[in-house]
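Visitor: Build me a model from this:
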Amino acid sequence: VFSSGQTVRQAPGTYAALGSTDLIVTAGGGIVAHPGGPGEGVAALRQAWEAAVAGIPLGHHARTHPALAQALEGAA
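Guide: So this is what the prediction gives:
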């Protein structure tokens, strides 16, 4: 279980370290703080993990995934 400060930006590093998606990410702020609301926050987190698993840089994936693009603009 990963918690505390989780945003879309942690997906690639977490996946690289674990080599698995068998985990729980509790990204409250990373979801609720999304400019488009919680639904878009969930979509952005899913899109970040899709990119991580596929080996696609987040910035590249964000070009065709608006929820992820918005999240990257605001994520620290």
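Visitor: give me the low-pLDDT residue ranges for the chain?
Guide: Counting by pLDDT under 70, the ranges of the chain that qualify are 75-76.
Visitor: Please, where are all the helices along it?
Guide: Along the chain, the stretches classed as helices by DSSP state H are 11-18, 28-32, 38-54, 58-62, 66-74.
Visitor: TSV please, covering these and showing mean neighbour count and distance to S4.
Guide: From N, CA and C alone the C-beta is placed, and that goes for glycine too. Conversion of those to TSV gives the following (neighbours: other Cβ atoms under 10 Å; distance: least, Cβ to Cβ, whole Å):
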stretch	mean neighbour count	distance to S4
helix 11-18	15	13
helix 28-32	17	9
helix 38-54	19	15
helix 58-62	17	20
helix 66-74	19	17
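Visitor: Compare those and report which one is nearest to V1.
Guide: Shortest separation from V1 across those is recorded for helix 11-18, at 11.6 Å, computed as Cβ to Cβ.
Visitor: That closest one: how far from the chain's middle?
Guide: What separates the centre of helix 11-18 from the centre of its chain is 11 Å, taken as Cα atoms, centre = their mean, to the nearest Å.
Visitor: Counting by contacts, list what that helix packs against.
Guide: helix 38-54 (3 or more Cβ pairs under 8 Å, 6 or more residues apart in numbering; DSSP states H and E).
Visitor: Check which helices and strands the helix it packs on sits against.
Guide: Here helix 38-54 is seen to pack against helix 11-18, helix 28-32, helix 58-62, helix 66-74 when contacts are counted using 3+ Cβ pairs under 8 Å, 6+ apart.
Visitor: how about a cut-off of 10 Å?
Guide: helix 11-18, strand 25-26, helix 28-32, helix 58-62, helix 66-74 (3 or more Cβ pairs under 10 Å, 6 or more residues apart in numbering; DSSP states H and E).
Visitor: Give me the residues contacting the first one.
Guide: Right, the one you point to is helix 11-18. Outside helix 11-18, the residues that touch it by Cβ atoms under 10 Å, 6 or more residues apart in numbering are 2, 6, 20-21, 23, 25, 27, 30, 44-58, 61, 68.
Visitor: so L45 touches G30, yeah?
Guide: Yes. Distance between L45 and G30: 6.5 Å, which falls inside the contact criterion (Cβ atoms under 10 Å).
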